[in-house]
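Peer 1: prediction below, plus the sequence it came from.
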Amino acid sequence: MADTQFDVLTIGNAIVDVIAPIDPEFLKREGMDEGIMHLVDADRSAYLYDRMPAEKRMISGGSSANTAAGVANFGGRAAFVGKVAQDDLGDIFADDFQQIGVHYSIARLLDGPATARSMILVSPGGERTMNTYLGACQQLTTADIKEEEIGAAAVTYMEGYLWDPPEAKKAFVTAAHFAHKHERPTAITLSDPFCVNRYRDEFLDLMRSKTIDYVFANIEEAKALYQTDNLHDAVQQIAKDCELAAITMGAQGAMAVHEGEIVTVPAYPVAEVVDATGAGDLFASGFLLALARGRDLRTALSSGCLAASEVISHIGARPLRDLRQMAREHSVAI
């Protein structure tokens, strides 16, 4: 789309990730279930931060923010909409995005909770346990949604996690309205099965009302959406409910469902899965950028799987290698 300013604009929770490797005893001591995302308050957040290993890294994060970063790494034009506070972590978030070339122009929160942060504890073997304080990111409102930005994006992508706060929900729907007014498609990631279980009827309504055009899910999220243990049944249902669905299948690759056609591609081999954080987010980066550039579904799936393979090979939800170069090496014409 030649008349766009952005290939992909993403909307979601603006969170600073605090990442550190831990031993399993840490989780036992703190009463955490491995691999689960725990929501915590400000006090618990500060407590855990103080007890995390010294070798922690801080980087701007959040699901949709990771997707925007991936688009930029591929050489795409990315924008992000999400709320941070006027504090040190808010500075880290905004500075990171400026450095990697993601357009970010949201006004900072001056009065209210601190910038959101997620303490990501990485076990041996790559499983991550998250403790997330949502803070300022839940203060996103319709005032933060700018029609000129949404209308200038080839596709607008939103995360299911954003459906929790009532004001953010309104912002979500406003963004979809602006996108369709400018004849641009909208997309959502279902985020996680717990999110789906909370908002199944509302997510289905977003799809069936055509507020959302493209849906991203992994196997468990797709099955949760239709309350089935059978992926085939979920795929048949989702094909009726949205224009396009992209379903990630871990080591089995990914599939796209569009107009009755199912396209699948295999996963790219990875020597070792170090940290699964961000695999779905980065898959969306490659897939959405390929669509924005008019590529076919097979290329979009391959681009997504390639980006996911890079991010799971190291700690952190942002690519460390140049995805554009990786695409050239693997003959993926994104």
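Peer 2: Happy to help now that I have it.
Peer 1: all helices for the stretch 201-334 of the chain, in order.
Peer 2: Taking DSSP state H, counting those that start in this stretch as the criterion, the stretch 201-334 of the chain carries its helices at 219-225, 231-241, 279-292, 297-311, 323-329.
Peer 1: may I see the ones you listed organised as JSON lines, with mean pLDDT and mean neighbour count added?
Peer 2: To be clear about C-beta, it is placed using only N, CA and C from the backbone, and glycine gets the same treatment. Converted to JSON lines, the helices of the stretch 201-334 of the chain look like this (pLDDT from 0 to 100; neighbours: other Cβ atoms under 10 Å):
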{"stretch": "helix 219-225", "mean pLDDT": "96", "mean neighbour count": "21"}
{"stretch": "helix 231-241", "mean pLDDT": "96", "mean neighbour count": "16"}
{"stretch": "helix 279-292", "mean pLDDT": "97", "mean neighbour count": "29"}
{"stretch": "helix 297-311", "mean pLDDT": "96", "mean neighbour count": "25"}
{"stretch": "helix 323-329", "mean pLDDT": "94", "mean neighbour count": "17"}
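Peer 1: which stretch among these comes nearest V265?
Peer 2: Evaluated with Cβ to Cβ, those place helix 297-311 nearest to V265, the distance being 4.3 Å.
Peer 1: tell me the angle of the closest one relative to helix 279-292?
Peer 2: For helix 297-311 against helix 279-292, the angle by axes from the mean of the first three to the mean of the last three Cα atoms, to 10 degrees is 150 degrees.
Peer 1: counting by contacts, list what helix 297-311 packs against.
Peer 2: Counting contacts by 3 or more Cβ pairs under 8 Å, 6 or more residues apart in numbering; DSSP states H and E, helix 297-311 packs against strand 244-248, strand 254-258, strand 261-265, helix 279-292, helix 323-329.
Peer 1: repeat that with 7 Å
Peer 2: Applying 3 or more Cβ pairs under 7 Å, 6 or more residues apart in numbering; DSSP states H and E, we find helix 297-311 packed against strand 254-258, strand 261-265, helix 279-292, helix 323-329.
Peer 1: just put the ones you listed in a markdown table and tack on distance to Q227.
Peer 2: Listed next are the helices and strands packed on helix 297-311 as a markdown table, based on distance: least, Cβ to Cβ, whole Å:
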| stretch | distance to Q227 |
| --- | --- |
| strand 254-258 | 18 |
| strand 261-265 | 21 |
| helix 279-292 | 21 |
| helix 323-329 | 36 |
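Peer 1: out of the ones you listed, which is closest to D192?
Peer 2: D192 lies closest to helix 279-292 among those, at 9.2 Å (Cβ to Cβ).
Peer 1: which residue is the nearest non-sequential neighbour of S63?
Peer 2: Once flanking residues are discounted, S63 sits nearest to E159: 4.5 Å by Cβ to Cβ, 6 or more residues apart in numbering.
Peer 1: and that neighbour, how many neighbours?
Peer 2: 29 (other Cβ atoms under 10 Å).
Peer 1: any buried residues in the lowest-mean-pLDDT helix or strand in the chain, and which?
Peer 2: Ranking every helix and strand in the chain by mean pLDDT, DSSP states H and E puts strand 37-39 at the bottom, with a mean of 85. For strand 37-39, the neighbour count (16 or more other Cβ atoms under 10 Å) marks M37, H38 as buried.
Peer 1: circling back: closest to M119 out of the helices of the stretch 201-334 of the chain?
Peer 2: Closest to M119 of the helices of the stretch 201-334 of the chain, according to Cβ to Cβ: helix 279-292, at 17.9 Å.
Peer 1: what's the angle from that closest one to strand 244-248?
Peer 2: Between helix 279-292 and strand 244-248, the angle comes out at 140 degrees (the same axes, to 10 degrees).
Peer 1: what's the angle between helix 279-292 and strand 254-258?
Peer 2: Helix 279-292 runs at 40 degrees relative to strand 254-258, counting by the same axes, to 10 degrees.
Peer 1: so which residues make contact with helix 279-292?
Peer 2: Here helix 279-292 makes contact (Cβ atoms under 7 Å, 6 or more residues apart in numbering) with 1, 7-8, 63, 66-67, 70-71, 74, 76, 154-155, 157, 187, 189, 216, 218, 246, 248, 254, 299-301, 303-308, 311-312, 317, 319, 334.
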